[in-house]
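Trainee: Below is the structure, and that's it, no one-letter string:
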């Protein structure tokens, strides 16, 4: 049973159901952008149109456990002698801690200890990120900052102890939002210098953020980092333009809204100071390294065991693990902490609010001449710079010779932000795609044709000046152009279709996998990646395809940080792209071993053998066949033979494989109330090659639903004291099933040159375009340009009233 | 905590202490039989005399857990919802089950169920071996046969239920021993045909048992298998002899006497009929296959997780696992069964009693001309033929042109026998080495020189007609010849030294391993073998040696049957011999990957690089070095690079590497009481190459102690009704610390051509010679030839009285 199940939102549940659907809806179309012959990455065998399992719809391998509640989540785990933790969160956004009176809590029946910062080995180690700051020392700097930990023999006793735990605070001035933070008279969040960044950003962020930075060496401000990206001469470009438009866009703080709140169990070996941490994380190796660093341990003294994953969307790169681990070390007992839903809203890392002022210039024929942007991001209390990605996308979707983008990463008294599915992309896309729509209107041209005219192709530049690798923006736009919803789009008042494109550079990280064959023919694939979206179910198909066995014959062995071959984090849309290649390579090594054994057995050449339905056969000689299990047995028995069947695969893709989308949304806008009702949604995406179309469709459906959430419903609202006003699912409006349109997923297969079988990352692109498409639909339906998210009734009503 | 700890015997505890000793005694000498340059097996890198870790004394890696009681044994494990089992054992050696009244047991508070054969899926599947017969159906055939299982919510409730569980029996005639079984008028154990053998013998047994078999196609008897091995013409050989001697030897049933009784926990996945079994087994893959076969499941539906091992010595190849698994399947709950010490004596698989009549013939110059033997083995109720090994050794220690050996494998109403460290060897060695000693006496020659004159060399024939591979019998005899205890052996009445040689062919099985390097430089070696004698501690040294890191930097990852690369059973003295090669090969692959990365980094040739103290260095350029962890990080980060560091190793040794010993024992015999006191023990052994001399010494000490137990103390005694009279450690005389002499271990290093770094199996040889050496010492001391084991006070006293 998952903790917090009663808090499932409809959209999350919908996404789960779509993953699990036994007979999925047949609304999916596939358009082969690059023909069927998938390209050939280095370690991946040649594939042909004759594939048996890949490219077909398969259920996920662990659906039964998940849908029946048998899957064990971190919050379900109990160890002997375990302590249950509850955390005291700061009620102030900025205050000095005067005292913490632990007496009443300590004497509560069942409470074993109350820990404050002074009790933890992490004291004084604070290095300026959410996860490295375990408990506040002296000062709290955001509402929800952990102050003390109650440890008890039961969950109930911990709650009782927390209820009587008292801290006294001396409130200090609060910097609650971007405007306040940038006011020169504002107090400084870090008057003595911004703490060193946590350096926990994913490889993507590092790779794409190549602008010239000036890290505010001059007068101290609340801007922790400024960056400028430019190419050409933006002033000349604006002069050359026949039309220019300037708009300012605002987006709020949005939470990832995963089903499973953060939960973590740390166990400690009393002899060796070795920690074993059971946690739902997207990045087991990264969290392992971080916990070791924060606690001053060697990496090999920490083992992360990744538990069944109840949703993360970028938020589960380690938040509470160092705190729980430090408590376990202190107590020399296992400690488990599960956040309540409200605690989770208060003390985790949502997506930053942004303020983007964007100017576009174009000539009469629709050719962009200039793009100028000023971007501010509200990153909360610690540096977590995401502006680089905003710049990459803002300045990268379209060809433009003259670009200038300024980024200010700003600190406020709010929780540090973090990644949320395609971090920065919904915000950047909302701005550029709203402006492109208005530019088309100004130019009097078709908005789709304007985009197609300017769309970036492979080799064109991203906002940071690097060239795009192979990408499919043109292909998705061409598919949108021919879609009935676009061709026959309604034009009546209050009823229209909006279009937006979006994209994501996607990440890649080197990865390894190990493949073995058992004597009953079972193929086992050992991976160290964490399955957050059904990736294991795709690995099964890759191995089955290469080894000629049924997918039911393939098992995934989930590695932890001790047992697992390395893989990068399950984020950045990289796992299928990276790890599938390693799985393919390992399976290929095993295939070769099996064929060599069979060739010896049959006195045949390897070229004359094939593997079909779990048997190696001599082509054209029906009687000459042997099951893989028997060959495996030979390997395990034959003295002087080759040895047991086992092969390793290692890959390091040479480039990323960006994923692009074009989304169409049909809306009805109630002209009395301003309410926007999405009626129909078409999500067209270049997926490279859909290893398992059912899972890719699940990603497209889930991401589109979250995009609608960004567009119409979601915002974390803080008051001027930094108090969170929306810390429950009653107040924070995740879309429910009845708030969502039917979503049609259309997969374009434009193979990635380095992707396994041509696959691209598919997880992040579908969230990018929804908000912009909705804004453009509203503009077409009721004639008002909404420049802030979410586009709720009040915003539209006020806009319509001028 | 280990269940049954109060039953530790001194000799077992001694053996453990020897393993764990921090500062081991420095009594060990090493004599390099083949020079220092170890031979080079296929996948193993060249080794030189410059080895850093191998060949030096190192503590075992898990000593701390074991000596502090933190190690978790199967009997320590508790799962939520687990049932505790106790088993009802038959009080009769042969009886019809009239009825089982389960009512009182079922209604005992806390008891959940009482299961009989009819309740298990194994009903009717009985295939004629101890482990496949889970609960008796209709008839019991040995004292201690499991009849019913009580399942309760606690251990105490299960015991209460067992106490009131009543079965009614109708006793049937009992065949209690060899003589009775072979009497033509005896009842047949299996009147309707002997059930098919379990086919569970180790590869060794199968490989060495190549005699011509006639499986009693004629009149049914209690002999389940007869075999005849012969070469030359034994009658002609006897005619050509100047001296012949004939002796008849008896050995009793001996129990393995491990510290940890059999214990097993089976968990069941209610959805998939998947069983996970936690058990102390020497052969996880074999037990997995057997459980699946008995329960009618696919192998992939069963996972064995090997737990910390508390001793097995051949007895833990699966006994109670199918029963516990069947109960878990039936109850759909986890079930744990731990045998009490007495139950363990009653219902497990000891070593067979034997009756061996042996005739040797030789010419005056001491050359053997004939060897003739009749061997009978009491195998208990199911076939478990061990006579093949007896023949291999009886007819293989010495060159002899004319050999005839007849083996009768006999059934009785006793528990089925099983393997016990060098199964069959102590019995065979007791016979041949006693007779060789008397032959020397008859010939008037030195007993050591007689042995040396006839000793088998590489290429000479074993008892089954196959040639010996490289072996070191001559070398150990030469070392004994020069040992002070032999050179200056006492000759006074009641005080003498006995000599015997012994040997074991040793097994090998293909094996695989996977090696990885983590970013902090930790090397992880993933194996699927079970560590029963510190083998993991040797694997650590192999990897450390090849990768140039400290042993502390190497971790062993223990694989189970799902996660582990295949390895054979931890028996037959094969694991170090087989798996070390796979570990070496995997480490070598990883070394190559690291050197390639470093060569690129330093723009150097691989030949110019070395790995020292965890750093790759350019030879002769002190500043140019990089830690392995940094190279691993490069592999995990570099786009377009080689990928993470991981390598697999696979080996399948082409031949076995026999291990030979010469043992000297000094005794004092009390001429009034007949008591034999061993004073000093010298165990000389060809170990090939001692990867970790401390562990090899531990094996030699432990095996020698058990050999003394065979010689002087141990016997399972049954009465004429088949009742076991010695079912506790009060009655079954394992040697205590004060019953044992000081043991000097001398290692001869005569490298095995296919062993990793020349290593041979070392576990089994040291148990083989003790009983014979003691008998020969007694003969020298008091002039009587003892032909039965154990050589206890009464036996010697009676012999001295004529």
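Mentor: Great, that's in hand. Predicted model only: the values in this text are computed from it and were never measured.

Trainee: my guess is residue A:453 meets residue A:366, correct?
Mentor: Yes - under the criterion of CB atoms under 8 Å, residue A:453 makes contact with residue A:366 at 5.0 Å. Bear in mind the C-beta positions are built from the backbone N, C-alpha and C, glycine included.

Trainee: For the residue nearest to the spatial centre of chain A, give me the pLDDT.
Mentor: Central residue of chain A (CA atoms, centre = their mean): residue A:421, 3.4 Å from the mean position. Note for residue A:421: predicted pLDDT of 97.

Trainee: so what's it up against?
Mentor: Residues counted as contacts of residue A:421 (CB atoms under 8 Å, 6 or more residues apart in numbering or on different chains) are A:256, A:313, A:314, A:703, A:706, A:763, A:764, A:767.

Trainee: quick one: which of those residues is nearest to residue A:131?
Mentor: residue A:314 (13.8 Å; CB to CB).

Trainee: for the stretch 251-400 of chain A, which spans come out with low pLDDT?
Mentor: A:272 (pLDDT under 70).

Trainee: Show me where it has its helices.
Mentor: For the stretch 251-400 of chain A, helices defined by DSSP state H, counting those that start in this stretch occupy the ranges A:284-295, A:321-331, A:341-347, A:387-394.

Trainee: so which of those helices gets nearest residue B:168?
Mentor: Nearest to residue B:168, of all the helices of the stretch 251-400 of chain A, is helix A:321-331, at 55.7 Å by CB to CB.

Trainee: Tell me the buried residues in the closest one?
Mentor: A:321, A:322, A:323, A:324, A:325, A:326, A:327, A:328, A:329, A:330, A:331 (16 or more other CB atoms under 10 Å in any protein chain shown).

Trainee: tell me the angle of it relative to helix A:284-295?
Mentor: 50 degrees (axes from the mean of the first three to the mean of the last three CA atoms, to 10 degrees).

Trainee: which residues are contacting helix A:321-331?
Mentor: Against helix A:321-331 from outside (CB under 8 Å, 6+ apart): A:83, A:85, A:87, A:112-113, A:115, A:119-122, A:131-132, A:134-135, A:146, A:149, A:151, A:264-268, A:273, A:275, A:277, A:279, A:281, A:287, A:290-291, A:294-295, A:302, A:304, A:334-337.

Trainee: Which of the residues you listed fall in strands?
Mentor: Of the contacts of helix A:321-331, the ones assigned to strands by DSSP state E are A:83, A:85, A:87, A:112-113, A:115, A:146, A:149, A:151, A:264-268, A:275, A:277, A:279, A:302, A:304, A:335-337.

Trainee: Buried ones from these, can you make that a ChimeraX selection?
Mentor: Filtering the ones in strands among the contacts of helix A:321-331 down to the buried ones (16+ other CB under 10 Å) takes a single ChimeraX command:
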select /A:83,85,87,112,113,115,146,149,151,264,265,266,267,268,275,277,279,302,304,335,336,337
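
Trainee: For chain B, give me its nearest residue in the stretch 1-150 of chain A.
Mentor: residue A:64 (5.7 Å; CB to the nearest CB).

Trainee: now for the helix or strand that residue falls within, which elements pack on it?
Mentor: Using DSSP states H and E, residue A:64 maps to helix A:63-68. Applying 3 or more CB pairs under 8 Å, 6 or more residues apart in numbering or on different chains; DSSP states H and E, one finds that helix A:63-68 contacts helix A:10-20.

Trainee: can you tell me the average pLDDT over the helix it packs on?
Mentor: 32.

Trainee: I'd say residue A:346 and residue A:728 touch.
Mentor: No - assessed by CB under 8 Å, residue A:346 is found out of contact with residue A:728, at 10.5 Å.

Trainee: Looking at the two, which one has more neighbours?
Mentor: Legend: neighbour count by other CB atoms under 10 Å in any protein chain shown for residue A:346 and residue A:728, higher for residue A:346 (23 against 12).

Trainee: Pull the contacting residues for that one.
Mentor: Residue A:346 neighbours (CB under 8 Å, 6+ apart): A:89, A:143, A:144, A:415, A:724, A:727.

Trainee: I figured the fifth one hits residue A:344, correct?
Mentor: No - the pair residue A:724 / residue A:344 is not scored as a contact, 11.3 Å apart, by CB under 8 Å.

Trainee: okay, now the domains of chain A?
Mentor: A:1-43+A:486-505+A:655-802, A:75-172+A:256-347, A:202-255+A:350-468, A:509-651 (automatic domain parsing).

Trainee: Can you check what pLDDT the model gives the residue of chain A most remote from its centre?
Mentor: Outermost residue of chain A with respect to the C-alpha centroid, by CA atoms, centre = their mean, is residue A:603; its distance is 51.2 Å. pLDDT recorded at residue A:603 is 95.

Trainee: Count the residues that sit near the residue of the stretch 1-150 of chain A closest to chain B.
Mentor: Using other CB under 10 Å, residue A:64 is surrounded by 15 other residues.

Trainee: do residue A:719 as well
Mentor: Residue A:719: 12 surrounding residues under other CB under 10 Å.

Trainee: any idea how far it is from residue A:347?
Mentor: Between residue A:719 and residue A:347 the computed distance is 18 Å (CB to CB, to the nearest Å).

Trainee: would you list every one of the helices in the stretch 501-650 of chain A?
Mentor: Counting by DSSP H, counting those that start in this stretch, the helices of the stretch 501-650 of chain A are A:535-547, A:575-602, A:628-637.

Trainee: Export those helices as TSV, with columns for distance to chain B and mean neighbour count.
Mentor: Listed next are the helices of the stretch 501-650 of chain A as TSV, based on distance: least, CB to the nearest CB, whole Å; neighbours: other CB atoms under 10 Å in any protein chain shown:
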stretch	distance to chain B	mean neighbour count
helix A:535-547	14	26
helix A:575-602	7	25
helix A:628-637	5	22
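
Trainee: what are the phi and psi angles of residue A:771?
Mentor: phi -60, psi -40 (degrees, to the nearest 10).
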